[in-house]
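Trainee: one predicted model, sequence on top.
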Amino acid sequence: MWLDDEFNGVVFGDKRLVKRFKQIMQEFMKKAQSNIASTFDSWSSIKGCYRFFSNDKVESQIILDAHIDSTISRISEETNQVFVIHDTTYIDYKNRKKTLDLDCITRNLQSKNIAKGLILHNSFAVNDLGVPLGIVGQNYTERKEIIEAPKKTKKHLIHNKPVEEKESYRWVEAIKGFLKLDNVTQGEIVHIADREGDFYELYRECCEHEAKFLIRASQNRAINKTKRRESPKDKIFDYFRSLKPEATITTEIQINKEKKHRKAKLCIAFKKFTLPPPPNRTANKDGKKLYNMDLYGVIILEKKPPKNHEPLEWLLITNIPVTNTQEAIEKMRWYSLRWNVETFHKILKSGCSIEDAQLRSKKNLIKYITTKSVIAWRIFWLSRISRIDLNHNCNTVLTKIQQDVLFKRFNKGKINTEPISVKQALNWIGKLGGYIGRNSDAPPGIITIWKGWTRLMNMVDDYTIICG
């Protein structure tokens, strides 16, 4: 069973708790979309699950560390680059008024009511094919109040704080946490972040520890200055938009409309530049490490988008040398992998329904979210495993009885005599979730896989009860 391999090192100081944990994880995997009450069939099992999460010996970090160890093992088996994608998601518990110690996540502009929940920052590893390898870090940001003040006042308050006191410091902490992990070849790792990670201290942290990064620019900041206080010579977006394109390519890009993809003609340019510290940084507030960094920028720009479509524009900042067109296109492809963390968060919140949790303390909710995070990774991995080897048998994906039930369902009750290929198994699981499977259809997606998986697990349970 995959759980034994994944959590081989988990220790709670009580063997009974380890056994209970694996039983809970097994049931969560069968009914990922259900809450605790709907997952178990008996009141004693439901109560046992709540007691498990309330037990002080059970710590979320113990569960996470065991999964991280397994993730590092998978990373070490990769022969190409591995990408650690960092992103923040907001978990909404506004209807859980009895749950204590929740953080403020949003304020309703009309009613002024503050929604409570958790601010979760994930570091998620994928290989160059987009196959998820697992979670390598989880941090929660505390926000006990939302300051109501004019925008300029808020900006001034934020700028007067050292970076360690800002919420954005979670991005630096995520990098620091990953760099502390043992048995990781850091040189083969590339850290990817969206525009929220575009700030000086994150670049500095990566450069100081020779951690490779690829971050999408957000601020039209001053660049190519020799002194911090001098007038800006160039603004980064203006500078890169003015560059002559080195190449033009046509590719398909994803859009969030009825038509999932569209073709785009993209102009690509790249250049080395100098990033100075922001002028509002001071030695008293931010320390003496305020120096210029030599970085590389790659701009991907769609100059003539189709009617009613926003033009695509990515300005990517990296400390990896970009000296030719192929390397620039490579960075564009790498950044396109960032969408995988968004998919992971979608599975976690919709596929695993973590916002429906009925636990009444923040501590217990975090334990629950940690266990569900591993389930979300596993479901995501199931949907992508076919990218590694379509014809590989699925003994690593399904147990013997699961394969037998799946085979009988789509072969008029015939007995299975040979292992099913991964491709065939995922096709059938997708069909259980509503996938049609025509020759022209793309492989089944995440939603059909998790729906099909839930249905398959119910069929296996019924088969086991009836047939023994």
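Mentor: Received it, and whenever you're ready, just let me know what you need. Residues are numbered from 1 along each chain as shown.
Trainee: ranges for the strands of the stretch 201-350 of the chain?
Mentor: Secondary structure of the stretch 201-350 of the chain by DSSP state E, counting those that start in this stretch: the strands cover 212-216, 222-223, 234-235, 247-254, 261-275, 293-301, 313-318.
Trainee: now the fourth one: average pLDDT?
Mentor: The one in question is strand 247-254. Here strand 247-254 scores 82 as its mean pLDDT.
Trainee: and it, what other elements does it pack with?
Mentor: strand 261-275, helix 325-336 (3 or more Cβ pairs under 8 Å, 6 or more residues apart in numbering; DSSP states H and E). For the C-beta atoms, the positions are set from N, CA and C on the backbone; glycine is no exception.
Trainee: pull up the pairing partners for the longest one, direction included.
Mentor: If I follow you right, that is strand 261-275. Here strand 261-275 has these sheet partners by DSSP bridges: strand 247-254 (antiparallel), strand 293-301 (antiparallel).
Trainee: just say which of the ones you listed is most tucked in.
Mentor: Most buried of the strands paired with strand 261-275 by mean neighbour count (mean count of other Cβ atoms under 10 Å) is strand 293-301; its value is a mean of 20.
Trainee: quick check: angle from that strand to strand 313-318?
Mentor: On the basis of axes from the mean of the first three to the mean of the last three Cα atoms, to 10 degrees, strand 293-301 is oriented at 160 degrees to strand 313-318.
Trainee: can you count the residues close to R333?
Mentor: Number of residues near R333 (other Cβ atoms under 10 Å) recorded here: 10.
Trainee: can you tell me how far it sits from F240?
Mentor: 19 Å (Cβ to Cβ, to the nearest Å).
Trainee: and I114, by the same measure?
Mentor: Using Cβ to Cβ, I114 is found at 39 Å from F240.
Trainee: next: W339.
Mentor: 23 Å.
Trainee: what stretches of the chain score poorly on pLDDT?
Mentor: Counting by pLDDT under 70, the chain shows low-confidence ranges at 108-112, 149-160, 186-187, 255-260, 389-393, 468.
Trainee: show me the domain layout of it.
Mentor: Split into domains by automatic domain parsing, the chain comes to 82-241+268-347, 389-467.
Trainee: out of these, which is closest to W377?
Mentor: For W377, the closest of these is domain 82-241+268-347, at 5.5 Å, according to Cβ to Cβ.
Trainee: so how far is that closest one off the chain centroid?
Mentor: Its chain's C-alpha centre and that of domain 82-241+268-347 lie 14 Å apart, by Cα atoms, centre = their mean, to the nearest Å.
Trainee: who's in contact with the residue lying closest to D198 once chain neighbours are set aside?
Mentor: Spatial nearest neighbour of D198, chain neighbours left out: S218 (4.2 Å); criterion: Cβ to Cβ, 6 or more residues apart in numbering. Taking Cβ atoms under 8 Å, 6 or more residues apart in numbering, we find S218 in contact with 195-196, 198.
Trainee: thinking again about what came up before, please identify which of I114 and F240 sits among more neighbours.
Mentor: Between I114 and F240, counted using other Cβ under 10 Å, F240 has the larger neighbour count: 23 against 16.
Trainee: quick one: that one from V298, how far?
Mentor: In terms of Cβ to Cβ, F240 sits 8 Å off from V298.
Trainee: what do the two both touch?
Mentor: What both F240 and V298 touch, as defined by Cβ under 8 Å, 6+ apart, is the set 269, 315.
Trainee: wait, N416 touches V405, no?
Mentor: No: using Cβ atoms under 8 Å, N416 makes no contact with V405, being 9.2 Å away.
Trainee: show me which of these two is the more surrounded one.
Mentor: V405 (21 against 14).
Trainee: need the three-state assignment for that one.
Mentor: helix (DSSP: H, G, I helix; E, B strand; the rest coil).
Trainee: for it, what are its contacts?
Mentor: Per Cβ under 8 Å, 6+ apart, neighbours of V405: 456, 459-460, 463.
Trainee: what subset of the residues you listed is buried?
Mentor: 456, 459-460, 463 (16 or more other Cβ atoms under 10 Å).
Trainee: what's the closest of these to F21?
Mentor: V460 (21.2 Å).
Trainee: is it true that the closest one touches I401?
Mentor: Yes: between V460 and I401 there is a contact under Cβ under 8 Å: 6.1 Å.
Trainee: would a markdown table of the contacts of S218 with neighbour count and distance to F344 be doable?
Mentor: Shown next, in a markdown table, are the contacts of S218 (neighbours: other Cβ atoms under 10 Å; distance: Cβ to Cβ, whole Å):
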| residue | neighbour count | distance to F344 |
| --- | --- | --- |
| R195 | 12 | 19 |
| E196 | 18 | 16 |
| D198 | 20 | 22 |
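Trainee: among those, which lie within helices?
Mentor: In helices, defined here by DSSP state H, there are no members of the contacts of S218.
Trainee: wait, which of these is closest to L17?
Mentor: E196 (37.3 Å).
Trainee: so that closest one touches R170, yeah?
Mentor: No: the pair E196 and R170 fails to qualify as a contact (Cβ under 8 Å) at a distance of 9.6 Å.
Trainee: shared neighbours of those two, anything?
Mentor: T88.
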